[in-house]
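okay, sequence plus prediction incoming.
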Amino acid sequence: MSSDTVRPGATARRRPRAGVVAAALWLFLGIALLGAAVTEDELFRQVKVDVFDQNWTAVLRGCEEILVRNPSGPTASQAAFYRARALTRIPGRETEGLLAFKDFIAAHPRDRVMVEQAWAAVFSAACEPRGASRPECPGVLKEGLDSASGYVATLAAIRASDSADANLRRRALPTLKKAYDTQTDSEIRNEILIAILKIDPKQVPSTEASRSPSPPPAPGKAVGKKTPSLIRMTVYDKKEKSYELKVNLPVAFARMLIEAMGEDQKQEMQREARQKGIDLDDIFDAIEKAGAGKLLEVDDGRSHIEIWIE
């Protein structure tokens, strides 16, 4: 038999085998092409969707894939940031997340905005809820207070105002006072003021420097009277024989609260006050003129109310 002779049925047997090989090859190429079709940008877009959905396991998986593929790519720094955030949100992995944020801060010193966001996330993860006693909280707050960034130091100081550590609160006070003097955003300024109030109401900065100069004292009027800085109020329930309310409110803080109110709210409050014979427009001037001492005492049979200023 010639070598070119093909046995009957041989071609028929080869065709199915060749078909299986071809199908396997196409399947392999299809899987490879499908994997290659998912670009780094597409992966990162999905990460941002997962962040919005708070699917932190998926965020962690996506970020780690980006960092493995291209650790110095265009989305690598954001992927590292979101990876750290995801770890702080996954129960049992919070400490890993704090360390990941610390690594991010050390690796990206020039990315000021993201470093500040990272510190804010560290404070939230280590000290949330406020006043909680996570072991890492005091340490990260001390690091934050030592930061060269005024923003980071102020965030740390605000958080420290809720700390049970009296030394940490005292350490935060100078940072808060400095930030209050330089801050222009009214909302942040108010938050700083509240933090100072929590630590030591007597340290609340006066707003007198920003107001118009007072006219010179009238002839014969005493000079050198100290401007009142604190309003104290108590409401004593005579039937229960206990205080219903005890409030120590800095004058500067009270003024700020009223000035920060919306115009509609302010007008409504003024109407209510006028019905009780109080003119809010002049109340702070009246307090300043009255000087230290008892401002008001009311006894209605059930309660005894006293307001005095210091």
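Okay, I see it. Numbering: from 1, shown residues only.

can you pull out the strands in the stretch 101-250 of the chain?
Applying DSSP state E, counting those that start in this stretch to the stretch 101-250 of the chain gives strands spanning 230-237, 242-250.

weakest of these by average pLDDT?
Note on these: strand 242-250 shows the lowest mean pLDDT, a mean of 68.

give the next helix or strand downstream of the lowest-mean-pLDDT helix or strand in the chain.
One helix or strand of the chain scores below all others by mean pLDDT, DSSP states H and E: helix 10-37, with a mean of 46. The helix or strand immediately downstream of helix 10-37 is helix 40-52, counting by DSSP states H and E.

low-confidence ranges in the stretch 51-200 of the chain?
129-133 (pLDDT under 70).

what's the distance between residue 138 and residue 84?
20 Å (C-beta to C-beta, to the nearest Å). Every residue, glycine included, has its C-beta placed from N, CA and C.

neighbour count for those two, which is higher?
residue 84 (26 against 18; other C-beta atoms under 10 Å).

would you put the C-alpha positions of the helix or strand where the more buried one lies in PDB?
Per DSSP H and E, residue 84 falls inside helix 76-89. Provided in PDB are the C-alpha atoms of helix 76-89 (Å, rounded to 0.1, in the frame of the first residue of the first chain):
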ATOM      1  CA  ALA A  76      -2.600  53.700  41.900                       C
ATOM      2  CA  SER A  77      -2.600  56.500  44.600                       C
ATOM      3  CA  GLN A  78      -6.400  56.700  44.600                       C
ATOM      4  CA  ALA A  79      -6.600  52.900  44.700                       C
ATOM      5  CA  ALA A  80      -4.300  52.900  47.700                       C
ATOM      6  CA  PHE A  81      -6.400  55.500  49.500                       C
ATOM      7  CA  TYR A  82      -9.700  53.600  48.800                       C
ATOM      8  CA  ARG A  83      -8.100  50.300  49.800                       C
ATOM      9  CA  ALA A  84      -7.200  51.800  53.200                       C
ATOM     10  CA  ARG A  85     -10.700  53.200  53.600                       C
ATOM     11  CA  ALA A  86     -12.300  49.800  52.700                       C
ATOM     12  CA  LEU A  87     -10.100  48.100  55.300                       C
ATOM     13  CA  THR A  88     -11.300  50.500  58.000                       C
ATOM     14  CA  ARG A  89     -14.900  49.800  57.100                       C
END
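
which residues sit against it?
With contact meaning C-beta atoms under 8 Å, 6 or more residues apart in numbering, helix 76-89 is reached by 44, 47, 51, 54, 56-57, 59-60, 62-64, 66-67, 70, 93-94, 96-98, 100-101, 103-104, 107-108, 111, 114, 117-118, 121, 125.

take those residues and keep only those in helices.
Counting by DSSP state H, those place 44, 47, 51, 56-57, 59-60, 62-64, 66-67, 94, 96-98, 100-101, 103-104, 107, 114, 117-118, 121, 125 in helices.

so how do I select the buried members of these in ChimeraX?
Entered in ChimeraX, the line below selects the buried ones among these, by 16 or more other C-beta atoms under 10 Å:
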select :44,47,51,56,59,60,62,63,66,67,94,97,98,100,101,104,114,118,121,125
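
okay, now the domains of this structure?
Domain segmentation of the chain under automatic domain parsing yields 37-202, 225-309.

for the ones you listed, which one ends up most surrounded?
domain 37-202 (a mean of 17; mean count of other C-beta atoms under 10 Å).

so how far is residue 53 from residue 199?
For residue 199, the distance to residue 53 - C-beta to C-beta - is 39 Å.

oh, that last question was meant for residue 109, not what I typed.
31 Å.

do residue 87 as well
17 Å.

pretty sure residue 176 is in contact with residue 195, am I right?
Yes. Using C-beta atoms under 8 Å as the test, residue 176 is close enough to residue 195 to be in contact (5.4 Å).

spit out the residues that contact these two alike.
In contact with both residue 176 and residue 195: 157-158, 161, using C-beta under 8 Å, 6+ apart.

check contacts around the closest residue to residue 150 other than its chain neighbours.
Leaving out its chain neighbours, the residue that sits closest to residue 150 by C-beta to C-beta, 6 or more residues apart in numbering is residue 179, at 6.8 Å. By C-beta under 8 Å, 6+ apart, the contact set of residue 179 is 150, 153-154, 157, 192.
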